[in-house]
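Engineer: A structural model of the following input is requested.
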Amino acid sequence: MVEVSKHYLPPTGLVPNSPQPLLHYRGLLSEAELRPEKIHRTLEENGWETQWIIRYGATQASHYHSRIHETMVVLSGTATIRFGVADTDSDLDKSTWGGAKEAGGIEITAKAGDAFAIPAGVAHKTHHTSPSGEFGILSPGDGHSIPAHDVAEALAGTQLSGFTMMGAYPKGCGSWDFSVGGEDVGNFEAAWNIKKPEKDPFLGDSLEGVVGQWKATTRSTGANS
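Structural biologist: Numbering: from 1, shown residues only. Model prediction:
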């Protein structure tokens, strides 16, 4: 039985977040299953497009994707991921370790084999990575697509080091943007009303995942707070 945790994150002054819950699939994949080409095939079968494999540095700016849902699967290492709030200082030391962030949000320890389904608009920030390493895109391309005729073949044998994740997005929905907070104030509904995927990235039609946990609703409000 897959353990799927749900986390509802309300809008903040700077971040839309979502009426749909963040889903955390704890220990979804065993060590033997953490093969990028195999994971890609599962994602593809469920209508999700693999766009990157990234080794993370010690920290990054909090950000959200304003018009697209995202799934991330941890391939190696451990890290803390902060969800639901924007940084309030561009200095990464201050925003990560100095408390320069919006109030609220949650922090989750992510380990190899974990996965997440992140609704459009939900802020996230990866930090406290272990083993430590330098940021780097390990897959072919610039992080917005895998430019290969056979993506599974292109990903096979990817050398993993440090804290590494793989990211994918619903097919036909374009690629991700990098909104750090404030860009959509006054129009949070645009992120809230992105159409939900037809299938969960890993669980397909199972009601344990996106299909059952995300509701096809339209939400609007006069205040983004």
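
Engineer: count of neighbours near the residue nearest to A120 when sequence neighbours are not counted?
Structural biologist: In space, and not counting its chain neighbours, A120 is closest to I194: 4.2 Å by CB to CB, 6 or more residues apart in numbering. C-beta: built from backbone N, CA, C; applies to glycine. Residues near I194, counting by other CB atoms under 10 Å, number 19.

Engineer: So which elements touch the longest helix seen in the chain?
Structural biologist: Using DSSP state H, we find that the single longest helix of the chain is helix 36-45. With contacts taken as 3 or more CB pairs under 8 Å, 6 or more residues apart in numbering; DSSP states H and E, helix 36-45 sits against strand 48-56, strand 70-76, helix 151-155, strand 163-170.

Engineer: Checking the residue nearest to A120 next. Helix, strand or coil?
Structural biologist: Of the three states, I194 takes coil according to DSSP: H, G, I helix; E, B strand; the rest coil.

Engineer: what residue ranges in this protein score low on pLDDT?
Structural biologist: Low-confidence segments of the chain (pLDDT under 70): 217-225.

Engineer: mind redoing it with 80?
Structural biologist: When residues are selected by pLDDT under 80, those of the chain lie in 1, 216-225.

Engineer: Tell me where it has strands.
Structural biologist: In the chain, the strands defined using DSSP state E lie at 3-9, 18-26, 48-56, 70-76, 78-83, 106-111, 115-118, 124-130, 136-137, 163-170.

Engineer: my read: T80 touches H128, true?
Structural biologist: Yes: between T80 and H128 there is a contact at 4.2 Å, judged by CB atoms under 8 Å.

Engineer: so what sits against both of the two?
Structural biologist: Overlap between the contact sets of T80 and H128, as judged by CB atoms under 8 Å, 6 or more residues apart in numbering, is nil.

Engineer: one step back: which residues sit against the longest helix of the chain?
Structural biologist: 29, 33, 49-50, 53, 71, 73, 75, 139, 151-153, 155-156, 158, 166, 168, 201-202, 204.
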